[in-house]
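> Whatever this is, show me its structure:
(chains A and B)
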Amino acid sequence: MALSHLPSASWSPQVCTPVSIPANQFFPMDQKSRTLSLLETCSGMEELKQIHAQMFKTGLVLDAIPISRLLSFCASSASGDLSYAHLVFQGIQQRNTFMWNAMIRGYSNSNDPEEALLLYHHMLHSSVPPNDYTFPFLLKACAALSALKETEQIHTQILKTGYGFQAHATNSLLHVYTKSGSLTSAHRLFNSVTQRDTVSWNSMIDGYAKSGNMETARELFNQMPAKNVISWTTIISACVGAGLSKEALHFFHQMQSAGVEPDHVVLASMLSACAHLGALDQGRWIHAYIDNKGMQIDPVLGCTLMDMYAKCGDVEEALSVFRNIKKGGVPAWTAIITGLAIHGRGREAIDLFVEMERTGIKPNVITFTGVLTACSYAGLVDEGILIFNSMERVYNESPSIEHYGCMVDLLGRAGLLKEAEELVMTMPMKPNAAVWGALLNACCIHRNFELGKRIGEILLEVDPSHGGRYIHLANIFTMTGEWDLAVKVRRLMKDRGVMKLPGCSSICLNGVVHEFLAGDRSHPLTEEIYLMWDRIVESLGQEGYYVTATRDSLLDLEEEKETAIHQHSEKLAIAFGFISTEPGTVIRVTKNLRVCEDCHTAAKLISKVYSREIVMRDRTRFHLFKDGNCSCKDYW
DNA sequence: CTAGGGTTAG
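Residues are numbered from 1 along each chain as shown, chains lettered A, B, ... in the order given. Here you go, the predicted model:
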């Protein structure tokens, strides 16, 4: 390295400067402070390299403070360069703790965190002692690696060196333990430290929540003395992650009652909860809150906003958010493409995909999933095949099992069952339950019972705990008149203790989520709801509506007697929508399963007879019923 | 120069 060429002895002010001449004649103070302030405002590596070169000339490379600052910038700043930092570091003769820390910090945030541990090893060997900053950096690397053994060794050293009482070190340890799933160690440590602070509690809560133990997480949350916005975010995002979106909403309201101001992180989590629930009003409220507070919509927040609007049925608003965020990167394009996909707006999704390519943004695996889904839901078979083939050819990206799943779905939905099956048989990986499921679904739609039976049997082995598979297979046997086999499948399901996920439809009004199951009579307005539905049926009758024994109604074979098709959850939710909203209001219903065919027909007629738009969210996509038609064009 | 929280898909 260049440093060795410097006549180091003659550059040392003590050596070559007569006592009478002040040292700053060789290291002029304004020179040094100018360099320091240059480094402070340094914007990128280009500029930094110039400063570095200047430091060689002035000899400031030998001064610990400016070289440390330079090192720090290269190692940790967003526009830094870790390998350059490493070269600089290698050239330094006298490395102090700060310099080692800077390097360890840099590597702990890099994609090579292991190097941080190696550096620490060297640091100890060169007899430079760690300080209170060293451990958090080091443990961050351990967290990235889930390196439990190393964490335990570092734990011991923390205790030996007397940093065991230092909050940052302890909390870092707690974080690694919880993150690597070692909750026992975490809890032991948590119990042993006397001065637990909010950070310690937050880490514990997060750890329990992420390990699936929501009960303990909630308990700790209730117990903890002082909750800050991160505590609330932790419990709320834990709820969202566990699919407990209603609880998330509840906690959010509690948080506001407690006077804690929401920040952009907790709002992102809440938008995700709204997206899950289909709670458009709540979601809009949060959007308005963000605007009113003048908060900046960063790419992540922008994506959650788009996702919320799309999943709550308002794609137009999602598009408007998309146009307003200047630099969203791939995630933003992906979010909007996926949003259009679930609304059946495949053409627009493809157009945006093309536009994205033109902009020079490279699609990622999720983008491909999104655009292929768009093709699938809109029946754009040729386009889908073209894009699928371009993955390998244009992007050098081998399709993953999800992409094959999309293609099986695309071909199967379109009735190209032979092609779909062939793809399953020839794909380069072992088909999973999702792939088989897509094929089975296609068999049901197109009534290919022979193939359906074969695939159904496979699925009961591959995915034995999924209730829907048994129902599908049993229905196929029912339709082919093989009653005994249908009963056998039902019995197998029962014997294996598999439950059918009950169909549930919800509608959100004034921030309250109203849920309905088939035949539900638990709602306070039950009488009015059923009366309303009877009146609706009456007026639909004039349009020629009558209940048909469709294949979907067979899904309820078991409860056929008690759950008439007229009491399906979708219908109850629509009826409730009618009695609780003004004429002309859009009715928004969210269902956890696929919409039943009879309910689909009924909704189309209702939209015409009552001039009401009904937006219904399915397990996978949206249906916009308007003037007697559905946006899915009956292709779903 | 340090610790804890967010999103897009499935």
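> Name the residues of the stretch 101-250 of chain A found near DNA strand B, please.
Remark: the part of the stretch 101-250 of chain A in contact with DNA strand B comprises A:101-102, A:105, A:131-133, A:135-137, A:140, A:143, A:167-169, A:171-172, A:175, A:197-199, A:202-203, A:206, A:228-231, A:233-234, A:237, A:240-241, using C-beta under 7 Å from any atom of the strand. Any C-beta I mention is one placed from the backbone N, CA and C, and that applies to glycine too.
> Please check these and keep the buried ones.
Buried by 16 or more other C-beta atoms under 10 Å: A:101-102, A:105, A:132-133, A:135-137, A:140, A:143, A:169, A:171-172, A:175, A:199, A:202-203, A:206, A:230-231, A:233-234, A:237, A:240, out of these.
> Could you pull up the residues touching whatever residue of chain A ends up closest to DNA strand B?
In chain A, the residue found nearest to DNA strand B is A:P331; the distance is 2.8 Å by C-beta to the nearest atom of the strand. With contact taken as C-beta atoms under 8 Å, 6 or more residues apart in numbering, A:P331 is in contact with A:299-300, A:303.
> Need the residues that contact stretch A:170-184.
Judged by C-beta under 8 Å, 6+ apart, the contacts made with stretch A:170-184 from elsewhere in the structure are A:135-136, A:139-140, A:142-143, A:146-148, A:151, A:154-155, A:158, A:164, A:185-186, A:189-190, A:193, A:197, A:199-200, A:203-204, A:206-208, A:210-211, A:213.
> Now the buried members of those.
Looks like the contacts of stretch A:170-184 have A:135-136, A:139-140, A:142-143, A:147-148, A:151, A:154-155, A:158, A:164, A:185-186, A:189-190, A:193, A:199-200, A:203-204, A:206-208, A:210 buried, using 16+ other C-beta under 10 Å.
> that's a helix at A:E515, yeah?
No. Using DSSP: H, G, I helix; E, B strand; the rest coil, the assignment for A:E515 is strand, not a helix.
> Hmm, it is touching A:C504, no?
Yes. Taking C-beta atoms under 8 Å as the definition, A:E515 is a contact partner of A:C504 at 5.8 Å.
> how about the helices in the stretch 1-150 of chain A?
Counting by DSSP state H, counting those that start in this stretch, one finds helices in the stretch 1-150 of chain A at the ranges A:8-11, A:13-16, A:29-40, A:45-58, A:64-76, A:82-91, A:97-108, A:114-125, A:134-145, A:148-160.
> List the buried residues in the fifth one.
Across helix A:64-76, burial judged by 16+ other C-beta under 10 Å covers A:66-76.
> can you put those residues in CSV and add pLDDT and distance to DNA strand B?
Shown next, in CSV, are those (pLDDT from 0 to 100; distance: C-beta to the nearest atom of the strand, whole Å):
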residue, pLDDT, distance to DNA strand B
A:P66, 95, 15
A:I67, 96, 14
A:S68, 96, 9
A:R69, 95, 9
A:L70, 96, 13
A:L71, 96, 10
A:S72, 95, 6
A:F73, 95, 11
A:C74, 96, 13
A:A75, 95, 9
A:S76, 92, 8
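> what secondary structure does A:T585 sit in?
Taken by three-state DSSP, the conformation at A:T585 corresponds to coil.
> actually A:V589, not the one I typed
In the three-state summary, A:V589 is assigned as strand, counting by three-state DSSP.
> what pLDDT does A:R447 get?
Confidence at A:R447, expressed as pLDDT, is 88.
> The helices of the stretch 1-150 of chain A: which one's closest to A:G415?
With C-beta to C-beta as the measure, helix A:134-145 is the member of the helices of the stretch 1-150 of chain A nearest A:G415 (47.8 Å).
> Run the chain-centre distance for the closest one.
The gap between where helix A:134-145 is centred and where its chain is centred comes out at 24 Å by C-alpha atoms, centre = their mean, to the nearest Å.
> ok, how many other residues are close to A:Y84?
A:Y84 sits with 18 neighbouring residues when counted by other C-beta atoms under 10 Å.
> Any figure for the gap between it and A:N96?
With distances defined as C-beta to C-beta, to the nearest Å, the gap from A:Y84 to A:N96 amounts to 20 Å.
> and what of A:V229?
A:V229 sits 37 Å away from A:N96 when distances are taken as C-beta to C-beta.
> Once you drop chain neighbours, what's closest to A:A310?
If you skip the residues right next to it in sequence, A:A310 has A:G339 as its closest partner in space, 2.9 Å away by C-beta to C-beta, 6 or more residues apart in numbering.
> Ignore what I typed, I meant A:E317.
Closest residue to A:E317 in three dimensions, ignoring its sequence neighbours and counting by C-beta to C-beta, 6+ apart: A:Y309, at 4.3 Å.
> Tell me who's in contact with the one you found.
Counting by C-beta under 8 Å, 6+ apart, A:Y309 makes contact with A:280, A:283, A:315, A:317-318, A:321, A:339.
> So which of those residues is surrounded by the most neighbours?
Going by other C-beta under 10 Å, A:G339 tops the contacts of A:Y309 with 29 neighbours.
> next one: the one helix or strand that one maps to to chain centre, how far?
Of the helices and strands defined by DSSP states H and E, A:G339 is found in helix A:329-342. In terms of C-alpha atoms, centre = their mean, the gap separating the centre of helix A:329-342 from the centre of its chain is 13 Å.
> Report the buried residues of that helix.
Along helix A:329-342, these residues count as buried under the neighbour rule (16+ other C-beta under 10 Å): A:331-342.
> would TSV of those with pLDDT and distance to A:R393 be doable?
Formatted as TSV, the buried residues of helix A:329-342 follow (pLDDT from 0 to 100; distance: C-beta to C-beta, whole Å):
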residue	pLDDT	distance to A:R393
A:P331	93	24
A:A332	93	26
A:W333	94	21
A:T334	95	21
A:A335	95	26
A:I336	95	25
A:I337	96	20
A:T338	96	23
A:G339	96	27
A:L340	96	24
A:A341	95	22
A:I342	94	27
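> ok, so of these, who is nearest A:D291?
Checking the buried residues of helix A:329-342 against A:D291 by C-beta to C-beta gives A:A332 as the nearest, at 18.2 Å.
> Counting neighbours, what do you get for the nearest residue to A:K140 once chain neighbours are set aside?
What sits nearest to A:K140 in space, not counting adjacent residues and going by C-beta to C-beta, 6+ apart, is A:S108, at 4.2 Å. Counted by other C-beta under 10 Å, the residues lying close to A:S108 total 26.
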